[in-house]
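Asks: Compute the structure for the input listed below.
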Amino acid sequence: METNIDFQFEILSDKKVSTFLKGNNIHFFQSAIAFFKSNLATLDDCLKLVVEDTNQTMTTVAKFHAVLAQLAVENDISEIELVVGIFIVNATSFPELNDYFSDKSYDNLALSTCYCVKDGERIDFFKGNIFLDKISKRFVREQRVDPHQSKEWKEKIYEDYIGKWLKRNSEITETLAFFTESESEVLGMVY
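Replies: All right, here's what the predicted structure looks like:
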């Protein structure tokens with residue numbers, strides 16, 4: 001399947017993220033992707049132009065896609081949307097989680113990620129689509145969000161899903177806080 005990972009546009013806007021990038025001699029979308037991949041500290045600086053509360057709870061992937069989605073918004077590129085996706089993992093789909101699940105009273109877990117969508121296709125501009133392709137049939141919820149709301153809504157969507165999951169599975173003794181605090185660790189094992 002052909003992918004839109006090579007999608008390109010010129011940065012013409014004078015809004016915050018566009019100005020930041022042009023000030024760093026970055027004038028095209030693909031150049032912005034390469035720039036942020038090689039300058040993760042600069043990604044954090046640019047994120048502050050997009051999301052008000054930028055404490056360290058956002059994953060690099062979420063930061064990356066929030067900034068790129070904001071860049072698209074600023075340049076009137078309406079076909080790029082930012083999405084929060086909730087997907088299910090288990091030791092069968094991800095053998096690297098065997099140890100994680102070995103002492104748990106549950107054998108599936110929901111995780112969240114951010115990515116962009118263009119023309120109905122999920123796109124991971126950070127690492128390519130291998131991971132998204134692997135989990136494509138495991139999504140249980142996808143929600144479009146505005147870039148400036150990415151941190152807040154990613155957390156709310158995940159907490160809502162896990163909260164309802166815990167109510168349906170009363171035998172699970174871990175708390176909502178346990179899952180929200182350990183999500184990044186588990187996600188790091190599979191992504």
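
Asks: which element follows the one helix or strand Val73 maps to toward the C-terminus?
Replies: Counting by DSSP states H and E, the element that carries Val73 is helix 60-74. Toward the C-terminal end, the helix or strand that comes next after helix 60-74 (DSSP H and E) is strand 80-90.

Asks: what sits up against that following strand?
Replies: 7, 65-66, 68-69, 72, 97, 101, 107-118, 122, 135, 138-147, 150, 153-154, 157-158, 161, 186, 190 (C-beta atoms under 8 Å, 6 or more residues apart in numbering). Heads up, the C-betas are built off the backbone N, CA and C, glycines and all.

Asks: cutoff 7 Å now
Replies: Residues from elsewhere that reach strand 80-90 (C-beta atoms under 7 Å, 6 or more residues apart in numbering): 65-66, 69, 72, 97, 101, 107-118, 135, 138-145, 147, 150, 153-154, 157-158, 161, 190.

Asks: Just give the nearest non-adjacent residue to Gln30, would you?
Replies: Gln8 (5.3 Å; C-beta to C-beta, 6 or more residues apart in numbering).

Asks: Relative to Phe29, how far out is that neighbour?
Replies: 5 Å (C-beta to C-beta, to the nearest Å).

Asks: buried stuff in the helix ranked longest in the chain?
Replies: For the chain, the helix that runs over the most residues, judged by DSSP state H, is helix 150-168. Using 16 or more other C-beta atoms under 10 Å as the test for burial, helix 150-168 gives Ser150, Lys151, Trp153, Lys154, Glu155, Ile157, Tyr158, Glu159, Tyr161, Ile162, Trp165, Leu166.

Asks: Check which helices and strands that helix is in contact with.
Replies: helix 60-74, strand 80-90, strand 108-118, strand 139-145, helix 176-190 (3 or more C-beta pairs under 7 Å, 6 or more residues apart in numbering; DSSP states H and E).

Asks: Dump those to a markdown table, plus distance to Asp44, mean pLDDT and mean neighbour count.
Replies: Formatted as a markdown table, these follow (distance: least, C-beta to C-beta, whole Å; pLDDT from 0 to 100; neighbours: other C-beta atoms under 10 Å):
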| stretch | distance to Asp44 | mean pLDDT | mean neighbour count |
| --- | --- | --- | --- |
| helix 60-74 | 7 | 95 | 24 |
| strand 80-90 | 18 | 96 | 21 |
| strand 108-118 | 15 | 94 | 21 |
| strand 139-145 | 19 | 96 | 14 |
| helix 176-190 | 16 | 88 | 14 |
